[in-house]
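In: Let me see the structure of the following:
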Amino acid sequence: AHSDACVANLQLEKETLLKSIEESSNQQRELNDRLAHFDACVANLESEKESFARSIEELSNQKREFNDCLASSNARVASLQLEKEKLLKSINQEHELEERLAHSDACVANLQLEKETLLKSIEE
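Out: Coordinates of the predicted model:
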């Protein structure tokens, strides 16, 4: 009877240990699944990080190109502004010369008139 009780206890202990091993195995599988999921998430984040780094580099290059174009445009605007000022100065000088020419023409006409008047006076 004592042996039967010992065998029954050992059998119960064996079953308890088997259940414990099965539970541990299930927990280990669950942990492995969670670890695999975590590794996949990390890999995705690394991929996104690399993609963001490439996007940032592209944007940086575009910004540099834009700034170069802007500097070139600003230089061109400054050059055109200078050209405009020179043309305006030339136009002003042209108007001034036209006014002086008109004044000279008027003076010549007056002198011609005076000459004719003097010639008539001499004839008389």
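In: ok now the helix or strand containing Leu101, how far from the chain's centre?
Out: Per DSSP states H and E, Leu101 falls inside helix 2-123. Distance, stretch centre to chain centre, for helix 2-123: 0 Å (CA atoms, centre = their mean, to the nearest Å).
In: what about that helix, average pLDDT?
Out: Averaged across helix 2-123, the pLDDT comes to 97.
In: Tell me which other helices or strands it touches.
Out: Helices and strands touching helix 2-123, by 3 or more CB pairs under 8 Å, 6 or more residues apart in numbering; DSSP states H and E: there are none. Bear in mind the C-beta positions are built from the backbone N, C-alpha and C, glycine included.
In: What distance do you get for the residue nearest to the spatial centre of the chain to Asp105?
Out: The centre of the chain sits closest to Lys63, judged by CA atoms, centre = their mean, with a distance of 3.2 Å. Per CB to CB, to the nearest Å, Lys63 is found 62 Å from Asp105.
In: Leu35 now?
Out: If you go by CB to CB, the gap between Leu35 and Asp105 works out to 103 Å.
In: again, but for Arg29
Out: For Arg29, the distance to Asp105 - CB to CB - is 111 Å.
In: Kindly report the same for Glu124.
Out: Note on Glu124: its distance to Asp105, by CB to CB, is 29 Å.
In: Just want to know which of those two has more residues nearby.
Out: Legend: neighbour count by other CB atoms under 10 Å for Glu124 and Asp105, higher for Asp105 (10 against 5).
In: wait, what's in contact with that one?
Out: Residues counted as contacts of Asp105 (CB atoms under 8 Å, 6 or more residues apart in numbering): none.
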